[in-house]
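Asks: starting from these lines, generate the structure:
(chains A and B)
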Protein chains: 2
Amino acid sequence: MGTGQHSPWRMETGQCQQWGAGSQHGMGIPSISIMLHELIKLLHHAKCRDVTIIRIGTSGGLVWQQVTGVPSSGLASVSLCPGIEAGSVVITDTAVDSSFQPRFEQVVLGEVVVRSTELDKDLAEELLACSREIADFPTLIGHTMCTYDFYEGQGRLDGALCSFSSEKKLEYLRRAYDAGVRNIEMESTAFAALCGLCGLKAAVVCVALLDRLEGDQIRASHEVLWEYQQRPQRLIAAFIRQRLGLGPAGRSQH
Amino acid sequence: MGTGQHSPWRMETGQCQQWGAGSQHGMGIPSISIMLHELIKLLHHAKCRDVTIIRIGTSGGLVWQQVTGVPSSGLASVSLCPGIEAGSVVITDTAVDSSFQPRFEQVVLGEVVVRSTELDKDLAEELLACSREIADFPTLIGHTMCTYDFYEGQGRLDGALCSFSSEKKLEYLRRAYDAGVRNIEMESTAFAALCGLCGLKAAVVCVALLDRLEGDQIRASHEVLWEYQQRPQRLIAAFIRQRLGLGPAGRSQH
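Replies: Sure, this is the predicted structure:
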């Protein structure tokens, strides 16, 4: 499921029949939370067992790489430079909040309850291995930071309000990177927490539409963005085919 | 603007021309926040001044009334009973969080910034006065509680997860009522905070689709709900006609 997808599909294996459904969940934690509660109730009443659920979507990337250089002074220095390009796909190992902590604070009857946001690490590794078969875009595993706000919450300078400098923004994003964050979106902590509590194996796979080191606004063309947005779907399609023991797409079609 | 409305209209007066636009903002604080940032930037670039912005939508009602009784024992007792029925329209004077405080906690670069959620009291009174001309549904002014979550956050017992009893739920909702809360939705604190900071006169007008004292699920028919959802729109339409010096709808049509 993703922010803008709605694409049901059907899968068959020799032993059992499975159905997968793509569902649009809207933007932000409250919106995905409503959808998840309703989906999980449906799964319960349908007596589904051993369910794997994957959020696919878009995100902002934090794709700096640390480079150690030895300039003419002879003193080694560490600097940051843009690393993996926009269009990279990030498989989340752990969803973290805006303080880079692996937690989701759920308010229950006015009281804050802290929940874990760990995702299924074996599933993430399986997805990464699967990505190796799709050679035309880079894929990595990393932490995903989830915020409640797109503008101030993610350090954007181009909202209706902005109370911080470009330097403060970059300092914050650098701290996020140092904490292991590789991309930023707005749903993963609630998704991880709710799926974890309900016993669903969960993964988050998002393409980074831009490198936040370089700016706040997406400047790629419509065609390029369209292709980027296909990448998580292509990876998940390949993963499903692999799970079902089918060959790569194109060889064996139903 | 509301969760499900998209209805642009045009208004003309003798001295100036004004445009109003209805815009869908999705569900929850993150979603309305994105829309507001973008709308406020548009208003800025269009050099709009003295803007009034009204969120219309649906909500859950807290419509108990305190009733003082003197039973046969002779001792006065205070009890709660259902008061104003579902379908009531609540004009928000102050948006409050899940602890019933008039504040919105905005995370900026990982730090919590607390913002006021006061709305324009004169505008709320003007809307209430306007509602008196529409005699076929009840309207009241009260606090609106805004939550990040529809199920656990609002004390619903029918989500995929529920860790509290019906008694605890009712105790929480009763405390909300005692703090002045008359309805519950998921956008008003962020809306009030952002509009206040950007100098927009703002109001929130939501119909209560159900009385949360009586349950968590909406049981009214589709036709009844459709009529309920028209009520905030009808009130705002009457308000705009009044502001423009036009008569009630039906007498003077453009």
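Asks: touching chain B at all, stretch A:194-214?
Replies: Yes - applying Cβ under 8 Å from any Cβ of the partner chain, one finds stretch A:194-214 touching chain B at A:194, A:197, A:198. C-beta coordinates here come from the backbone N, C-alpha and C atoms, glycine included.
Asks: mind listing what the nearest residue to residue A:26 once chain neighbours are set aside touches?
Replies: What sits nearest to residue A:26 in space, not counting adjacent residues and going by Cβ to Cβ, 6 or more residues apart in numbering or on different chains, is residue B:26, at 5.3 Å. Under the criterion of Cβ atoms under 8 Å, 6 or more residues apart in numbering or on different chains, the contact partners of residue B:26 comprise A:26, A:27, A:28, A:31, B:3, B:32, B:35.
Asks: for residue A:168, same thing?
Replies: A:155, B:109.
Asks: element containing residue A:170?
Replies: Using DSSP states H and E, the element containing residue A:170 is helix A:166-178.
Asks: next one: that helix to chain centre, how far?
Replies: 20 Å (Cα atoms, centre = their mean, to the nearest Å).
Asks: next one: stretch A:179-192
Replies: 6 Å.
Asks: buried set for that stretch?
Replies: If you call a residue buried by 16 or more other Cβ atoms under 10 Å in any protein chain shown, then stretch A:179-192 has these buried ones: A:180-192.
Asks: average pLDDT for that stretch?
Replies: Stretch A:179-192 comes out with an average pLDDT of 97.
Asks: returning to what we had before: can you put the residues of stretch A:194-214 next to chain B in TSV and add distance to residue A:141 and neighbour count?
Replies: Listed next are the residues of stretch A:194-214 next to chain B as TSV, based on distance: Cβ to Cβ, whole Å; neighbours: other Cβ atoms under 10 Å in any protein chain shown:
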residue	distance to residue A:141	neighbour count
A:194	22	28
A:197	23	16
A:198	24	19
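Asks: of the residues you listed, closest to residue B:234?
Replies: Sorting the residues of stretch A:194-214 next to chain B by how near they are to residue B:234, with Cβ to Cβ, puts residue A:194 at the top with 37.5 Å.
Asks: so the closest one: helix, strand or coil?
Replies: helix (DSSP: H, G, I helix; E, B strand; the rest coil).
Asks: how about the nearest residue to it, chain neighbours excluded?
Replies: Distances taken as Cβ to Cβ, 6+ apart put residue A:36 closest to residue A:194, at 5.0 Å, once the chain neighbours are dropped.
Asks: now the phi/psi pair for that neighbour, please.
Replies: The phi and psi values for residue A:36, taken as degrees, to the nearest 10, are phi -70, psi -40.
Asks: give the contact list for the closest residue to chain B within the stretch 51-200 of chain A.
Replies: Shortest the stretch 51-200 of chain A-to-chain B distance, computed as Cβ to the nearest Cβ: residue-wise this is residue A:160, at 3.8 Å. Shown here is residue A:160, whose contacts under the criterion Cβ under 8 Å, 6+ apart are A:151, B:36, B:37, B:38, B:40, B:41, B:44, B:194, B:198.
Asks: buried ones in stretch A:156-164, by neighbour count?
Replies: Neighbour-count burial for stretch A:156-164 flags A:156, A:159, A:160, A:161, A:162, A:164 (criterion: 16+ other Cβ under 10 Å).
Asks: now do the buried residues in stretch A:169-181.
Replies: By neighbour count on 16+ other Cβ under 10 Å, the buried set for stretch A:169-181 is A:169, A:172, A:173, A:176, A:177, A:180, A:181.
Asks: distance of residue A:217 from chain B?
Replies: 12 Å (Cβ to the nearest Cβ, to the nearest Å).
Asks: looking at the buried residues of stretch A:179-192, which are in strands?
Replies: Assigned to strands by DSSP state E, the following of those qualify: A:181, A:182, A:183, A:184, A:185.
Asks: residues of the stretch 1-150 of chain A that sit close to chain B?
Replies: Applying Cβ under 8 Å from any Cβ, one finds that the stretch 1-150 of chain A approaches chain B through A:26-31, A:33-34, A:36-38, A:40-41, A:44, A:98-100, A:106-110, A:113, A:147-150.
Asks: are any of those buried, and if so which?
Replies: A:26-31, A:33-34, A:36-37, A:40, A:98, A:100, A:106-110, A:147-150.
Asks: residue contacts, the residue nearest to residue A:194?
Replies: Contact analysis of residue A:36 by Cβ under 8 Å, 6+ apart lists A:25, A:190, A:191, A:194, A:195, B:160.
Asks: can I get the residues you listed in TSV with distance to residue A:232?
Replies: Rendered in TSV, the data for the contacts of residue A:36 read as follows (distance: Cβ to Cβ, whole Å):
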residue	distance to residue A:232
A:25	14
A:190	19
A:191	14
A:194	20
A:195	17
B:160	25
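Asks: closest to residue B:141 among those residues?
Replies: Relative to residue B:141, the closest of the contacts of residue A:36 is residue A:190; by Cβ to Cβ it sits at 32.8 Å.
Asks: show me what contacts that closest one?
Replies: Taking Cβ under 8 Å, 6+ apart as the criterion, residue A:190 is in contact with A:29, A:32, A:33, A:36, A:104, A:106, A:146.
Asks: if we go to 7 Å?
Replies: By Cβ atoms under 7 Å, 6 or more residues apart in numbering or on different chains, the residues touching residue A:190 are A:29, A:32, A:33, A:104.
Asks: skipping its backbone neighbours, what lies nearest it in space?
Replies: Nearest non-adjacent residue to residue A:190 (Cβ to Cβ, 6+ apart): residue A:29, at 4.2 Å.
Asks: same thing with residue A:187?
Replies: With Cβ to Cβ, 6+ apart as the measure, residue A:32 is the residue that lies nearest to residue A:187, at 4.3 Å, once sequence neighbours are left out.
Asks: gap between stretch A:35-50 and the chain center?
Replies: Centroid separation for stretch A:35-50 versus its chain: 22 Å, with Cα atoms, centre = their mean.
Asks: ok so, going back, for the buried residues of stretch A:169-181, give me a markdown table that also has distance to chain B.
Replies: Listed next are the buried residues of stretch A:169-181 as a markdown table, based on distance: Cβ to the nearest Cβ, whole Å:
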| residue | distance to chain B |
| --- | --- |
| A:169 | 7 |
| A:172 | 4 |
| A:173 | 9 |
| A:176 | 8 |
| A:177 | 13 |
| A:180 | 15 |
| A:181 | 11 |
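Asks: closest to residue B:234 among those residues?
Replies: Set against residue B:234, the nearest of these by Cβ to Cβ is residue A:169 (44.5 Å).
Asks: point out where the stretch 51-200 of chain A drops to low pLDDT.
Replies: Scanning the stretch 51-200 of chain A for pLDDT under 70 picks out the ranges A:64-84.
Asks: show me the strands in it, by range?
Replies: For the stretch 51-200 of chain A, the strands identified by DSSP state E, counting those that start in this stretch occupy A:52-61, A:64-69, A:77-82, A:89-96, A:103-108, A:111-116, A:139-146, A:181-185, in order along the chain.
Asks: that concludes my questions; thank you for your assistance.
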